[in-house]
Structure formats: C-alpha cells, structure tokens
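> how would this look folded up:
(chains A and B, ligands or ions: 1)
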Amino acid sequence: MTVNGDEARPYGRRAFLGLLAGGLSSLYWAGPAARALAPVTSGFSQLLGNLLPVGGWRIYTISGSMPIFDEQSWRLEITGLVRKPLQLTYAQLRALPRAHQVSDFHCVTGWSVAGVRWGGVRFHDLLALAEPLPSAKAIRFVSLEQPYDDSLTLDQVLLGDVMLAYELDGQPLSRPHGAPARVVIPEMYGYKGVKWLTRMELVDHQPTGYWEGLGYDQNAWVGRSNGYGS
Amino acid sequence: MAPERRRLRRFTRTERAVHWVHAVAFLLLLGSGLCLYLPSLAEVVSRRPLVKGIHIYTAVAWAVALALIALVGDRRSLMRTAREIDRFDADDRAWLRRRPAPQGRLNAGQKLNAVITAAFALLFVVTGFFLWYGERDTRFRLPSALLVHDWLMYVSFVLFVGHLFLAIVYPKTRHALNGITRGWVDEDWALRHHRKWVERLHDQEAPTLEP
Ligand code: HEM
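Next up, the predicted model:
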C-alpha cells in the first residue's frame, strides 16, 4: 500500500469507540457535571446570553401560534366557586401589591434556568379580591393558547414562592414567556405554570389538565415526579 | 495547445450519496432543532408541534436513506473508505502534529472529521431516541439526554463551520468541492494535497510501463 502502510494504526476505530463510550456514559455524568461546573459556566452563559439569543430557556407551545397580548382587550377573569367573580385589566393587575423573587426554573425535559428574577402578585392578594367559597379546593388556570390549561390546589398556590408573574428579569413578560402573565411555582416542573393566562376558575377538585392528559403527573414536584427520583 | 489537465476519479456515486444525504439531513435537523432551542427563533416560527414533527421525521428519513444506500449502493467502495478512515499511518500522525507530510486520498483531518461525524450521528440518534421515547414512557426519561443532545449540536456546529470554510471559502482547499459534487479532481491539485494517493494510482495504472 503506502510507503508507511505497515505502520498504519487503527486510530480511527479507537477514536470512534472512544467517542461513543464518552457520549453514552455522559448520559449518566453530564447532569452532575453541568451542576458541578455551574459556578464556572453560569458567568460565561450569562455573557453569552447577552450576546446571543440563548438564555437557557426553551419555548414550548402546543398549538400553531403564540397568543398575542393586547393590553386593551386582555382581562384576567376569576370565576367559579367565588363570592365575587371579577375581571381585572392589565393596569388593575399591575396595581396590586407587587412581589419579587429569585428562583430556579426546572423543565421536566431536563433543562433548568438558575436564578430567574420574577415580579408579580401573590395568589393570596388575588384571591382576597374574589373571596373563594369554602368549597373551593383548587384553581384551574386557562391559557389564551387553546387548549392549554392546568391546575394547582389552593394549598399549593399559597406556598411562599408561588406567584402570578408579569415581569421576568426586570422586563414585562415577553410573548414567548407567556405575556402578559404566567403562573410560577418553582418547586414544580414548568408545565404546571400556565402561560398567557386569561382565566382562573375555582373548583372543588383538580381537573385533568392538558399535560396530565398526556400522561404527566398532576403533582409535578421537581425531582420527585414524572419518573424522576423513583 | 495547452497540455490536457488530467482528472482523477475521487469519490464513487455511493460515497457522494452518503455525503449529501448526511449534509441535507444535518442542515434540516440543525435548522429545526434551533427553532426548538432558541427563544428568538421559537417566537418567529412559533409552530412548535410542526417543527418538532419535521425534526423527528427528518431523523427517520435520514436513517432510512442511509440504509437504502448501503443496500443498493456500491458497498465495496464504502467498506474501502471505512478501512481508509480507520488507518492512521506515520505520515497521518505527523500531519496531525502540524508537520508537513504527504497525504493519502483522505488527509488525517478529513479522516478525523469523518470519525467524529459518524460517532456523533449515532449519539444524536441515541439521545434523540430517549427524548422522544421518554415522553411516552417516563422510565426512559433521562435528564441528561437533552443536555448531551445540545452539546453534540454545539460541537458539530463548530465542525460544520470549519468544514464549510475549507470546502467553499479557502482558496487552497476548495477545489475539493469538485470531488464530492462531480466525483473527480484535477491531478495537479491532487498532487499538492494528496500526493500518496496520486502516486498509488499511478503504480496501479501502469506497472508494466516501468522499465
Ligand atoms: C439524527 C437523529 C436525531 C433525533 C432522533 C433527534 C431527536 C430530537 C428530539 C426528539 C428532540 C426533542 C424535541 C422536544 O421534545 O422538544 C430534539 C431536540 C433538538 N435537536 Fe435533535 N434529533 C436528532 C438529530 C439532531 C441534529 C443532527 C441536531 C443538530 C445539529 C439536532 C438538534 C436539536 C436541538 C438543538 C434540539 C432542541 C434541544 C433543546 O430544546 O434543548 N438534533 N431532537
């Protein structure tokens, strides 16, 4: 063959098998490695996020188009088992006592965004306006994006860091993030946080939401549901 | 009259078919994958279920097309190429250490690129399968599958940009594009870049003409 033919070594297959072994085993170590390196990489990815449109977020939609928020016509309706059904305009929502928090966001498919700055209202303040009846046990959240809905129990929405957010990182919530308002519950996976919210219905038991209908867990505790941590 | 420039046959139709099936599928998967990945693109395109369908069906079509080529194509040329990519001789190893050394039909960088591409293709399929099937059966939901799929995308994107640069932009190497589109290259170009290959072709062609 070639002049140096007899010296040829099968590096090709070794590199191939090595890459395969590294790649397959990384299905076990990539998650822990990414978490261990997070202090180093998060500064870098923040820098990158400012330069490029990558911020760790993936935008999930279930239909053909993303709802468009129109400040004039948008209303947040609170109905169902309440003494005073009501509709809030965007301005009225923003006039309610404002809460801030920094929390991590986890998606059930495996990605997370650490240290998200949310601004919005606590459910305690929202519900005080509508006065739930004693029979109300849960809230069904309905999105402008049909047919996306999901629900949380009243106990869950009153947890300390659960909110209806209208700001993300100091900016009004953008369209991909669920403008004008979305549910935030950091201890559960993101699919429980309905985006493009338009209606809250108080009900006496939790209905099956969109993702639950596709086999996801009703109680989406991070690390303890949907096949994780079992 | 100028002496006629000699052309050398570089890639068989089967080899070229494998290359282009891979290239087209890669571009479609990259484009649709980025629409699933980048919020700004997701907002513009916004039809996530459709994009996801394109992504997954492209992956299936790609695998089927490669299997078909292997079935009906010139398998011997594929096997020969695979053997060639496997072997790194002393010149290849010197070349990788950035020392000038004569190269065979594929230089050491091309071999390495082919090896990485093949391994990544399999890893994309495995992680993509877990993403798809984990949605249907939570026992197969691996939180790292998405992370690894993303990392593969980043690395292959960088390789892809380098590949395009050498194939289309860089004047010294871009004649190689002829080899993978039409199947032949000019002999004088080949002598500069793949001398051992040209010499071997001559040895095979005219052994009896030698004194
Ligand atoms: C060849 C086999 C492949 C299969 C079976 C596959 C399958 C998948 C699946 C099932 C998803 C998840 C979609 C979702 O649930 O939202 C996905 C996402 C993605 N794929 Fe692939 N894919 C393949 C190849 C590729 C290639 C070659 C690239 C790019 C070069 C790519 C880039 C992406 C990206 C960027 C995402 C989004 C990931 C994220 O949201 O973080 N894929 N792929």
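> looking at the residue in chain B that chain A sits nearest to now. What's its pLDDT?
Per Cβ to the nearest Cβ, residue B:138 is where chain B lies closest to chain A, at 2.8 Å. Using the backbone N, CA and C atoms, a C-beta is placed for each residue, glycine as well. We have a pLDDT of 77 for residue B:138.
> ok, it - how many residues close by?
For residue B:138, the tally of surrounding residues (other Cβ atoms under 10 Å in any protein chain shown) stands at 16.
> which residues touch residue A:81?
Residue A:81 makes contacts with A:132-133, A:135-136, A:202-204, as judged by Cβ atoms under 8 Å, 6 or more residues apart in numbering or on different chains.
> could I get the residues you listed as TSV with secondary structure and pLDDT?
Formatted as TSV, the contacts of residue A:81 follow (DSSP: H, G, I helix; E, B strand; the rest coil; pLDDT from 0 to 100):
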residue	secondary structure	pLDDT
A:132	strand	95
A:133	coil	95
A:135	coil	95
A:136	coil	95
A:202	strand	97
A:203	strand	96
A:204	coil	95
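> go through the residues you listed and say which is closest to residue B:63.
residue A:203 (46.2 Å; Cβ to Cβ).
> pretty sure that closest one contacts residue A:153?
No: in this structure residue A:203 lies outside contact range of residue A:153 using Cβ atoms under 8 Å: 10.1 Å.
> rewinding a little: can you say which of the contacts of residue A:81 are buried?
A:132, A:136, A:202-203 (16 or more other Cβ atoms under 10 Å in any protein chain shown).
> turn the residues you listed into a markdown table, including distance to the ligand.
Formatted as a markdown table, these follow (distance: Cβ to the nearest ligand atom, whole Å):
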| residue | distance to the ligand |
| --- | --- |
| A:132 | 36 |
| A:136 | 35 |
| A:202 | 33 |
| A:203 | 30 |
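> which single one of those residues is nearest to chain B?
residue A:203 (26.6 Å).
> what's across from the closest one in the sheet?
residue A:138 (DSSP bridges).
> may I see the buried residues of the strand or helix carrying residue B:68?
If you go by DSSP states H and E, residue B:68 is part of helix B:48-72. For helix B:48-72, the neighbour count (16+ other Cβ under 10 Å) marks B:48, B:51-52, B:54-55, B:58-59, B:62, B:65-66, B:69 as buried.
> closest one of the residues you listed to the ligand?
Nearest to the ligand, judged by Cβ to the nearest ligand atom, of the buried residues of helix B:48-72 is residue B:59 at 3.6 Å.
> against residue B:26, how distant is that closest one?
Distance, residue B:59 to residue B:26, using Cβ to Cβ, to the nearest Å: 11 Å.
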